[in-house]
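# Predicted structure and sequence below. I'll ask about it afterward.
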Amino acid sequence: MRYRWRVEKKYRDEEVKEFSERLNMPIPLTEVMLNRGVKDIDQARAYLKPQWSDLRDPFLLPGVEEAAERISSALREKKKIMIFGDYDVDGLTATALLSYVLRDLGGNVTTYIPNRLVEGYGLSLEGIRLAKEKGVDLLITVDCGITAFHEVMVAKDLGIEVIITDHHYPQDVFPPAFAVIDPKAGEEPYPGGELAGVGVAFKLAQGLYKRLGETDNSLEEHLDLVALGTVTDMVPLTLENRILAKQGLKRLAHTGKPGLKSLIQGAGLSVRTKLTAWDVGFVLGPRINAAGRLGDAQRALNLLTLQDEEEAKEVAQLLEEENNQRRKIEEETLGEARELVNKEYDLSQTKGLVLASARWHPGVLGIVASKLVEEFGRPTVLLAWDGDKWKGSARSIPHFHLFQALKRCGDLLLSFGGHRYAGGLSLEERKLPRFKEKFLWLTDRLISSEDLIPLLKIDTEINLAEVDERWIKLLRYMEPFGPENPQPLFLSRGLEIVGYPKIVGGNHLKFKVRSGQKVFEVLAFGQGEYLKFLETGRRDLSIAFSLSEDVWNDRTKIQLRAKDMQIGREERFSPTGY
C-alpha cells in the first residue's frame, strides 16, 4: 500500500454551495479554498490576489523597532556593519538582501558566510574575530544566531554589538544581543506567520525604511531574492510568506540582477517567462545550495550580488558544475544509506532510523535524509564524522516533532537546532549508541503503525468531465503551492482506460483515461508497477491527481499528474468529516 487516502470534507454541502455562488467559482475549487482556510470574500481576495499593502506593520515583529534604531545610528555615524549569514539559500538571499538595502542607504557594509566544513552552522568565532580585525562596530546575523549565547558574549567582549535575526526555535535563554528578531521567540505568535530567514531580514529592512521616514517601495526590486529564499526553505506559504513568494516569483521571472539571470538561463529556464515554486525549490535552489554544501558558499553570495554580466555567467557555470558534483555525491550516499537500512534494521520492528558513516560528506546529509523519509516513511537521522565528533542532519514525518525529540535528547548532544520537520545536530563518538537508543525509543513511543503509512489528503472528489480551461486559470490564482498551501489534489473514480499505457523515462507511466466525452492524458511518476493492471477498456480506475498544463510544440493541453491509483475495489480510504 503506497498511501492511505482521505478526502478532506470540512464543510457541509450547503455551506460550500453558498460560498461557491458568492465567489462565482466551481464547487470543487471552492472546497479547495475552504480547505486552505479561506472562509469569506475578503480572505478570498487576499488569497487569490495578495498585495504588497497586505503586509503587516514591521514593528509588530518584536525587536525590529530597536534594531532599526540601532542600524539607523550606525548609518548616520558611518560605522562599519557586518552581515553574518548562513550558507544555505535562505541565509544567502537574506545576506544579499540586507547588503543591497544597507548599501543603498549609504552604509559601510561587509558580509561573511561561514565555511560549512570548517566552521559549521551559525555564528562562528572565526567570523567574529575577522569582524574585529576589520573594525566592525555592528554585526547583524541573518538566518542564524538564536542559540549563539557564547559567540555573542565573545563579540560583546571585543566591543562588537550584535543584532540577531533568525527564524529557528530558541533555547531556554536568549543570547545577550542588542536586539533579537525571531518570529518564534516572542511570547505570542507573530501575526505575519512563520517567516523564513530572508523574510525576517525583509521585515527588518521594512522597519529600517520606516524608521528613516523613507518609502519601502524600493524593496520590491529585491523580492526576487525574498521569493528564492522563502520557497527554498519550505516555510508555510501562507500569510506574509504567500505575499512575498507570489509577488517575488513574478519579480524573479523578470529579474534585473545579472547573477540571477545567468542562474536561470544556465538551469534551462527562461527569464521573462513564468517561474513556479517548483522551479525555485527543485531547479534554482539546489544550484545555489551546492556551493555551501560542498564548502564555500561565498561564490553563491557573489552570484546574487554581482553587477557584471560576464562575471555572473562564469560564476553561474561554476555553480552548475558544483551542483553536478553534489548530485553524484548525493547518489552515492543515498545508495550506501539504503544498504545500511537493510543491514541494520528490521522495518517491521522500528519506527525511526539513525545511520552513521565516516565516509559520508556532511553537505548532502539533509537531502539524503529527506529522500530516505520519503522512501521509508520514518524519521531519519544521518551522521558523518567531522574530525572529532559526529555531525549530521535529521528529517521527519508529520506525526513526529523533530525539534522536540532532539530537545529530549539534548543531554547527549553537543549542539542541535531546527524545527518540526528538519534539524541539525552534533555529538561525541562515545554518546552515539545512547543517542541512537533514545531517539529510536522516542519514535517507537510517539509514532503509531498507521502514522508510518503516508496520508494522502485529497481536497475533493470531482467529475473529471467538468474540468476545462477555466479550472486551470483559477488554479493559477491559487499558486504558489507549497507547505500549508499544497497543490490541490483531486479524486476521480470509474475512469475508463483508453489507448495503450506505456512506461516512459525509467519507471513512469503514461496513459489516457476517458470521463464522459472527454479524454485526458495521465502521467504517473514512479508508478510503473501498475502497468500490468492497466488494461485498455477497464472502467474501474480511481486516480488521486493534480491538474497541470502540458506544453508541447506551442500547444497546451490539460494533464493529470497521478499521485496514486486504485484498481478495482482496493480500499484505501481513511475516515473523514461529514
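Structure's in. What do you need? Quick caveat: nothing in here was measured; it's all calculated off a predicted structure.
# So for the residue most central in space within the chain, what's the pLDDT?
Nearest to the mean C-alpha position of the chain, by C-alpha atoms, centre = their mean, lies residue 234 at 1.5 Å. pLDDT for residue 234: 87.
# got it, and residue 89?
You'll see residue 89 listed with a pLDDT of 94.
# what's the longest strand in this structure?
As assigned by DSSP state E, the longest strand anywhere in the chain is strand 490-504.
# Can you give the contact residues for the following helix or strand past that strand?
Of the helices and strands lying after strand 490-504 in sequence (DSSP states H and E), the nearest is strand 508-515. Defining contact as C-beta atoms under 8 Å, 6 or more residues apart in numbering, one finds that strand 508-515 is touched by 463-465, 492, 495-504, 519-528, 530-531, 534, 541, 543, 560, 562. No exception for glycine: its C-beta is placed from N, CA and C like everyone else's.
# Only whichever of these are buried, select them in ChimeraX.
The ChimeraX command for the buried members of the contacts of strand 508-515 (criterion: 16 or more other C-beta atoms under 10 Å) is given here:
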select :464,492,495,496,497,501,520,522,523,524,527,528,530,534,541,543,560,562
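# wait, doesn't the residue nearest to the centre of the chain sit right on residue 485?
No. Applying C-beta atoms under 8 Å as the test, residue 234 and residue 485 come out as separate, 11.9 Å apart.
# quick check, distance from the helix or strand where residue 65 lies to the centre of its chain.
Counting by DSSP H and E, the element that carries residue 65 is helix 64-76. In terms of C-alpha atoms, centre = their mean, to the nearest Å, the centre of helix 64-76 is found 30 Å from the chain centre.
# just checking, what packs against that helix?
strand 138-142, strand 161-165, strand 179-181, helix 197-211 (3 or more C-beta pairs under 8 Å, 6 or more residues apart in numbering; DSSP states H and E).
# State the phi and psi torsions of the residue nearest to the centre of the chain.
The phi/psi pair for residue 234 (degrees, to the nearest 10) reads phi 60, psi 40.
# and the gap between it and residue 142?
18 Å (C-beta to C-beta, to the nearest Å).
# same question, residue 246
22 Å.
# So these two - more neighbours on which side?
Legend: neighbour count by other C-beta atoms under 10 Å for residue 246 and residue 142, higher for residue 142 (32 against 21).
# Tell me the pLDDT of the nearest residue to that one once chain neighbours are set aside.
Spatially, and ignoring its direct neighbours in sequence, residue 142 is nearest to residue 94 (3.7 Å; C-beta to C-beta, 6 or more residues apart in numbering). Each residue has a pLDDT score; the one for residue 94 is 98.
# I'd assumed residue 144 was in contact with residue 94.
No. Counting by C-beta under 8 Å, residue 94 does not reach residue 144; the two are 9.4 Å apart.
# which of these two has more neighbours?
It is residue 94, of residue 94 and residue 144, that has more neighbours when counted by other C-beta under 10 Å, with 35 against 28.
# For the host helix or strand of that one, list the C-alpha coordinates in CSV.
Secondary structure assignment for residue 94, by DSSP H and E: helix 89-104. The C-alpha trace of helix 89-104 is given here as CSV (Å, rounded to 0.1, in the frame of the first residue of the first chain):
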residue,chain,number,x,y,z
VAL,A,89,19.8,29.6,0.1
ASP,A,90,17.7,31.2,2.8
GLY,A,91,20.8,32.7,4.6
LEU,A,92,22.5,33.7,1.3
THR,A,93,19.4,35.5,0.0
ALA,A,94,18.9,37.2,3.4
THR,A,95,22.6,38.3,3.4
ALA,A,96,22.3,39.7,-0.2
LEU,A,97,19.0,41.5,0.6
LEU,A,98,20.4,43.3,3.6
SER,A,99,23.6,44.2,1.8
TYR,A,100,21.7,45.7,-1.0
VAL,A,101,19.5,47.7,1.4
LEU,A,102,22.2,49.0,3.7
ARG,A,103,24.5,49.9,0.8
ASP,A,104,21.6,51.8,-0.9
